[in-house]
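1. What follows is a predicted protein model with its sequence.
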Amino acid sequence: MRKIAFVALFLAALLFSLRTASASDPITGKWTFVFDTEGGPREFAADFKLDGDKVTGKFAETDVKGTYKDQKIDLAFPFHSDEAGMTDTLAITGKLEKDALAGDWTFNQWSGTYKAQRK
């Protein structure tokens with residue numbers, strides 16, 4: 001009986017610590033982005049890390065650089081689009097609300113909106 005109580009207490013503490021970490025670092029983790037484009041929705045996977053206000057990680061297979069401050073994300077990094085057949089700067093800006101990101105993206109002459117959910 002003591003083992004069960006100990007395990008239950010341990011799991012509760014672990015879940016509490018994960019929620020607390022998520023609240024203090026709302027960007028770190030895996031995300032699914034859906035870009036609204038002229039050709040329909042495009043889905044991308046991302047994995048971010050937050051250090052202070054600096055965001056690093058991966059967007060698709062590309063290294064990410066940017067900032068996150070006051071619930072706003074601002075990323076700009078070289079991105080290769082096989083579909084467009086070119087490499088250019090992909091800029092992503094937006095705001096975090098209730099564990100979801102939403103905002104705008106631009107790539108060369110194209111632009112649109114996006115929504116991103118945590119995986």
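-> Received it, and whenever you're ready, just let me know what you need. All figures in this text were calculated on a predicted structure; none of them were measured in a lab. Numbering: from 1, shown residues only.
2. Would you map the strands across this protein?
-> Secondary structure of the chain (DSSP state E): strands located at 29-35, 42-51, 54-59, 62-69, 72-81, 86-97, 100-107, 110-118.
3. what angle separates the last one from strand 42-51?
-> For strand 110-118 against strand 42-51, the angle between stretch directions is 60 degrees (axes from the mean of the first three to the mean of the last three CA atoms, to 10 degrees).
4. could you give me the average pLDDT of strand 110-118?
-> Model confidence over strand 110-118, given as mean pLDDT, is 97.
5. could I have that strand exported to CSV, CA atoms only?
-> Written as CSV, here are the backbone C-alpha positions of strand 110-118 (Å, rounded to 0.1, in the frame of the first residue of the first chain):
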residue,chain,number,x,y,z
TRP,A,110,4.4,35.2,-50.8
SER,A,111,2.8,35.9,-47.5
GLY,A,112,-0.1,34.7,-45.4
THR,A,113,-1.3,33.7,-41.9
TYR,A,114,-0.6,30.6,-39.9
LYS,A,115,-1.7,28.7,-36.8
ALA,A,116,0.5,26.4,-34.7
GLN,A,117,-0.4,23.9,-32.1
ARG,A,118,1.8,22.1,-29.6
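6. Output the strands of the chain as a markdown table; include the columns mean neighbour count.
-> (Glycine included, C-beta is placed from N, CA and C.) What follows is these, written out as a markdown table (neighbours: other CB atoms under 10 Å):
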| stretch | mean neighbour count |
| --- | --- |
| strand 29-35 | 16 |
| strand 42-51 | 16 |
| strand 54-59 | 17 |
| strand 62-69 | 16 |
| strand 72-81 | 16 |
| strand 86-97 | 16 |
| strand 100-107 | 17 |
| strand 110-118 | 15 |
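7. so where is this structure shaky, pLDDT-wise?
-> The model of the chain has pLDDT under 70 over residues 1-23.
8. try it again with 50
-> Low-confidence regions of the chain, defined by pLDDT under 50, span residues 5-22.
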